[in-house]
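[1] Compute the structure for the input listed below.
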Amino acid sequence: MNSGFLILDFGSQYTWLIARAFRELSYYSEVLYYNESLDVIKKKKPLGIVLSGGPSSVLTNSSPRRSVNELLEIAPVLGICYGMQLIAFQKGGTLSSSSQKNYGLNEVYWKKSLIPNLNKQKVWMSHGDSLQALPPKAQLLCRDSNSLITAFSMERLLAFQFHPEVSHTERGKELFEYFAFKLCKAPPKSWTKQSRLDFVISQIRKQVPKTKKVFCALSGGVDSTVTATLLSRVLGVPQVLCLFVDTGLLRKKEYEEVLNNYRSLNLNIKGVKAGDRFFKALKGVLDPEEKRKIIGKLFIDIFKEEMEDSKYLAQGTLYPDVIESLSEQGDVIKSHHNVGALPKDLNLKLIEPLKQLFKDEVRDIGKSIGLSSNLLDRHPFPGPGLAIRCIGEVTPEKVKILQKADFIYIEELKKQDLYDKIWQAFLILLPIKTVGVQGDSRTYKKVISIRAVTSTDGMTADWFPFPPSFLQKLSCRIVNEVSEVNRVVYDITSKPPGTIEWE
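    Numbering: from 1, shown residues only. Take a look at the predicted model:
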C-alpha cells in the first residue's frame, strides 16, 4: 500500500513502535531496512520518511549510512536518536562520543515548542553519542537537563535525540502528529477499519484467481481464523480447503472445541490427528529453535499429504511474526513456523493476506466481518503449541501435566473475569524438581511458572499484576489437583528484555 509513512530501520528495538504510532494516527506505515533502494522508496510515494534509532555510532566508518538529501527529494524526513545524529552528521553538525551513555528517563526543556503548552517534557533516551553543535541553518528546539541538544529542525527536516514512540515519553503522540500534519501536510486519515478490510480483500483477489483452490492451515487462533473466513467469503467456501492438525501439543479439549468453532463458521474444514508423529519427531530434542524447525517441517509434510490439487497455501502470518523472524543483522529472536520460504518441492505459492497487519488490526477486521468475541478474544497460542512451554525435551507425560495445570489456570481466569483483561496467559513446565511437603510427607516434584502479560500487538508487553488472592488460589488448585507438581512461581518479566514465550 502506498502513500503512508515509511520507517527506515537502523536496528532500533523501538522501530516497530514508530510504525504503530502512525497507524494509531490512522495512516498506513511500513518498515523497510535502511538500505532499501531509492526506486522502491519512490514507488511507495510516502507522505513522510522516518530514520529510526540504532545501536551504531555515526562516528565510526562501519556505521550504516543513508543519504538524507536523496530522501528529502521524496518527502519530509524525521530522524530519531541515531536518525537525528545521521542527519546532523551529514548536514554539518558536530558530534562527540561520550564514555557516559544516556539510557532511560530524562527531562528536556523546549526553547521553541512544536505543540501547545510544552515547556519541559519527560522523555526516554537511549544513546551514546551527543550533538555538540547544530548544523548550519538548523534551529534549536530543545536541550536536556545536561544542556545537550535534543531536538532541532531544518527545511523539511525534524530531528529528536529522544524516542517519542516509547510510552515513557510524555506527549510523544502529539510530536508524531506535528510531523504528519504540519510538516508532511498529510491528507485526511486513510488507514481506517474499512480501508484495512478493503486492502486485505484486494490482496486476496490479486494473489489468487477465483477458480483456484487454496489450502489454508488453521491453528484455532484469531489470525488463521480471520484468514480462512475472508478467503472463503472472497473465493467461495468450496475453493478454500482448511486443515486443523492435532499435534498432541494443544491445550486440553482444544481440538474438539476448535473444530466445532470452525464448523459453526461453515468452513470447509478437515481435522487430522498426528500427535504420535510430533512426539516421535521431538524425542530427545532440547533446543527451542530446533523444536520450532522440526514442528514446522512436520506441518509441511502433513500439508503435502492433505492438500489435494491446491497450488496455494494460505497462512495467518502477521507483521510481528515477520519482524521477529527476520533481521537484516541476522539476529533472529525466534523462528515462527509460518514465516519464511516454502520448500521448493512443495510447489506452492504462499498467500499471507494479513502479513502487513498488527494483531489489534486483525481483531478489528474480524469484528467487521461478524466473527464472535469468543473467537476473536482468544489469547494467542503459538504454532508449536505446548512444545515451547515444556522446557527441555517434550514428552507425552510432560504435556499432560501442562494441559491439566493450564486448564485450571484458564478456568480460574474466566471465573474471576480476568481473562479479557490479559493479552496472553499460559503456564511453563520447568525442567527441574523441588522439595515440598504434602500430606506430612516429603515430595520431590515439578515446578510450574505462571505467565500473564498485557499488550496491544505483542511487540512489547508488561506482566499482569494479579491480586495476591488470585495467585494464592491458583497455586493451591494446581498443587492439589496436579499430582506431579509441588511448586508454582510467577514470571514478572516484561518484553523487552524478555520475550512473551520462554522458548
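[2] Using CSV, write out every CA atom in the host helix or strand of L241.
    L241 belongs to strand 240-246 when elements are defined using DSSP states H and E. Written as CSV, here are the backbone C-alpha positions of strand 240-246 (Å, rounded to 0.1, in the frame of the first residue of the first chain):
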residue,chain,number,x,y,z
VAL,A,240,-10.7,-23.0,0.4
LEU,A,241,-9.6,-26.3,1.9
CYS,A,242,-8.9,-25.8,5.6
LEU,A,243,-6.9,-28.1,7.8
PHE,A,244,-6.6,-28.2,11.5
VAL,A,245,-3.9,-30.5,12.9
ASP,A,246,-3.9,-32.1,16.3
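[3] ok, and what's touching stretch 385-399?
    247-251, 275, 278-279, 282-286, 288, 291-292, 295, 382, 402-403, 406, 426-431, 501-503 (CB atoms under 8 Å, 6 or more residues apart in numbering). The C-beta positions use only the backbone N, C-alpha and C, and glycine is treated the same way.
[4] Look at that stretch and report the distance between its end residues.
    The straight-line separation of the ends of stretch 385-399 (CA to CA, to the nearest Å) is 10 Å.
[5] tell me how far it is from the chain's mean position?
    When C-alpha coordinates are averaged (CA atoms, centre = their mean, to the nearest Å), stretch 385-399 and its chain have centres 24 Å apart.
[6] just how off-centre is stretch 218-225 within its chain?
    Counting by CA atoms, centre = their mean, stretch 218-225 comes out at 16 Å from the chain centroid.
[7] If you could redo that for stretch 209-216, that was the one I meant.
    With CA atoms, centre = their mean, you get 28 Å for stretch 209-216.
[8] Number the chain from 58, please
    Okay, residue one is now 58; in that scheme the one you just asked about reads as stretch 266-273.
[9] Which positions within that stretch qualify as buried?
    K270, V271, F272, C273 (16 or more other CB atoms under 10 Å).
[10] Mind putting the residues you listed into CSV with distance to Q529, pLDDT and secondary structure?
    Shown next, in CSV, are the buried residues of stretch 266-273 (distance: CB to CB, whole Å; pLDDT from 0 to 100; DSSP: H, G, I helix; E, B strand; the rest coil):
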residue, distance to Q529, pLDDT, secondary structure
K270, 53, 91, coil
V271, 49, 93, strand
F272, 47, 92, strand
C273, 43, 92, strand
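[11] Identify the farthest-apart pair in these.
    Greatest spatial distance among those (CB to CB): K270 and C273, at 10.0 Å.
[12] Now do the shared contacts for these two.
    V297, L298.
[13] coming back round to it: among the contacts of stretch 442-456, which ones are in strands?
    Among these, the ones falling in strands (DSSP state E) are F483, L484, I485, L486, L487, P488.
[14] show me what contacts the fifth one?
    To tie it back to what came earlier, the one meant is L487. By CB under 8 Å, 6+ apart, the contact set of L487 is I448, K503, V504, I505, S506.
[15] returning to that earlier point: which residues are contacting the strand holding L298?
    By CB under 8 Å, 6+ apart, strand 297-303 touches 270-277, 285, 288-289, 312, 315-316, 319, 324-332, 356, 359-360, 363-365, 367, 371.
[16] Ranking by neighbours, what's the top pick from the ones in strands among the contacts of stretch 442-456?
    L484 (28 neighbours; other CB atoms under 10 Å).
[17] doesn't A509 make contact with it?
    No. In this structure, L484 is not within contact of A509 by CB atoms under 8 Å, at 9.8 Å.
[18] Report the buried residues of stretch 81-97.
    So, applying 16+ other CB under 10 Å, buried residues of stretch 81-97: L82, Y84, Y85, S86, E87, V88, L89, Y91.
[19] Could you give the average pLDDT over it?
    Stretch 81-97 shows a mean pLDDT of 93 in the predicted model.
[20] That stretch: end-to-end distance?
    Using CA to CA, the two ends of stretch 81-97 sit 24 Å apart.
[21] Identify the residues contacting it?
    Here stretch 81-97 has contacts from 58, 60-67, 72-73, 75-80, 98, 101, 104, 108-109, 111, 121, 123, 127, 131, 230, 233-234, 237, 243, 246-249, 380, 385, 413, using CB under 8 Å, 6+ apart.
[22] what's the answer for stretch 509-516, then?
    Outside stretch 509-516, the residues that touch it by CB under 8 Å, 6+ apart are 73-74, 77, 377, 380, 415-417, 437, 478-482, 518-521, 523, 551-552, 557.
[23] I'd guess K269 is in a strand, am I close?
    No. Secondary structure of K269 (DSSP: H, G, I helix; E, B strand; the rest coil): coil, not part of a strand.
[24] That one contacts V291, correct?
    No. If you go by CB under 8 Å, K269 and V291 don't touch, sitting 12.0 Å apart.
[25] Save the ones in strands among the contacts of stretch 442-456 as a markdown table, and put in distance to G185 too.
    As requested, those are exported to a markdown table (distance: CB to CB, whole Å):
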| residue | distance to G185 |
| --- | --- |
| F483 | 37 |
| L484 | 40 |
| I485 | 36 |
| L486 | 41 |
| L487 | 37 |
| P488 | 39 |
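[26] Just the closest of the contacts of L487 to A216, please.
    S506 (43.2 Å).
[27] ok, W248 - how many residues close by?
    Neighbour count of W248, defined by other CB under 10 Å: 20.
[28] Check K148 too.
    Neighbours around K148, by other CB under 10 Å: 18.
[29] check contacts around it.
    V125, P192, P193, A195, M211, L214.
[30] Now intersect these with the strands, please.
    Per DSSP E, the subset of the contacts of K148 in strands is M211, L214.
[31] among the contacts of K148, which ones are buried?
    For the contacts of K148, buried by 16+ other CB under 10 Å: V125, P192, A195, M211, L214.
[32] Go through those and say which is closest to L143.
    For these, the residue nearest L143 by CB to CB is V125; the value is 6.9 Å.
[33] mind checking how far that closest one is from G68?
    17 Å (CB to CB, to the nearest Å).
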